[in-house]
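Trainee: test case, fold it:
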Amino acid sequence: MQRAIDETDRRREKQETHNLKHGIVPQTIKKQVRELIKLTKVSEENTSINYSVKEIKKQSEKELSKLAKELEKNMAIAAKELDFERAAEYRDRLIIVKGELGQKLLPKSNRRK
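Mentor: Coordinates of the predicted model:
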């Protein structure tokens, strides 16, 4: 624990020296809450994968299988490109698709309603 504290102190001292040398005065970022909410909302609207569970439920087994393969492929590509947020979106959608596909494969008496 003491090592971590000492390291933090060392870094703080180094930063303060750098700031003095270059005439930098640290300042707190000041943004209104409305700006932050607006930025978050825009970010959510711009997600590359928008999906609806209702849309997925309407699809046939064949369509769901095709969609699952496409999502797996896109997820792998996104991960290879180190775009992990997009890969996670594909993964989340894939989980929903596979869950629905599993329901469609069950006998009607065992399906959830």
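Trainee: now do the buried residues in stretch 67-77.
Mentor: For stretch 67-77, a neighbour-count test (16 or more other CB atoms under 10 Å) marks 67-68, 71, 74-75 as buried. In short, each C-beta sits where N, CA and C put it, glycine included.
Trainee: quick check: most distant residue from the centroid of this protein.
Mentor: The C-alpha centroid of the chain is most remote from residue 21, which lies 39.6 Å away (CA atoms, centre = their mean).
Trainee: now that residue: which helix or strand?
Mentor: helix 2-22 (DSSP states H and E).
Trainee: what is the mean pLDDT for that helix?
Mentor: Taken as a whole, helix 2-22 has an average pLDDT of 96.
Trainee: OK, contacts around the residue farthest from the centre of the chain?
Mentor: If you count contacts by CB atoms under 8 Å, 6 or more residues apart in numbering, residue 21 has none.
Trainee: so, low pLDDT: which residues of the protein?
Mentor: Along the chain, segments meeting pLDDT under 70 span 31-53, 104-113.
Trainee: report all helices and strands that the helix or strand hosting residue 96 contacts.
Mentor: Using DSSP H and E, residue 96 sits within helix 84-105. Using 3 or more CB pairs under 8 Å, 6 or more residues apart in numbering; DSSP states H and E as the contact criterion, the elements in contact with helix 84-105 are helix 53-58, helix 61-80.
Trainee: what residues does the last one touch?
Mentor: The set of residues that contact helix 61-80 without belonging to it, under CB under 8 Å, 6+ apart, is 56, 59, 84, 86-87, 90-91, 93-94, 97-98, 100-101, 104-105.
Trainee: any idea how far residue 54 lies from residue 96?
Mentor: Using CB to CB, to the nearest Å, residue 54 is found at 11 Å from residue 96.
Trainee: the two: which has the busier surroundings?
Mentor: Taking neighbours as other CB atoms under 10 Å, residue 54 and residue 96 compare with residue 96 leading, 15 against 7.
Trainee: my guess is that one contacts residue 55, does it?
Mentor: No - contact criterion CB atoms under 8 Å: residue 96 and residue 55 do not qualify, at 10.3 Å.
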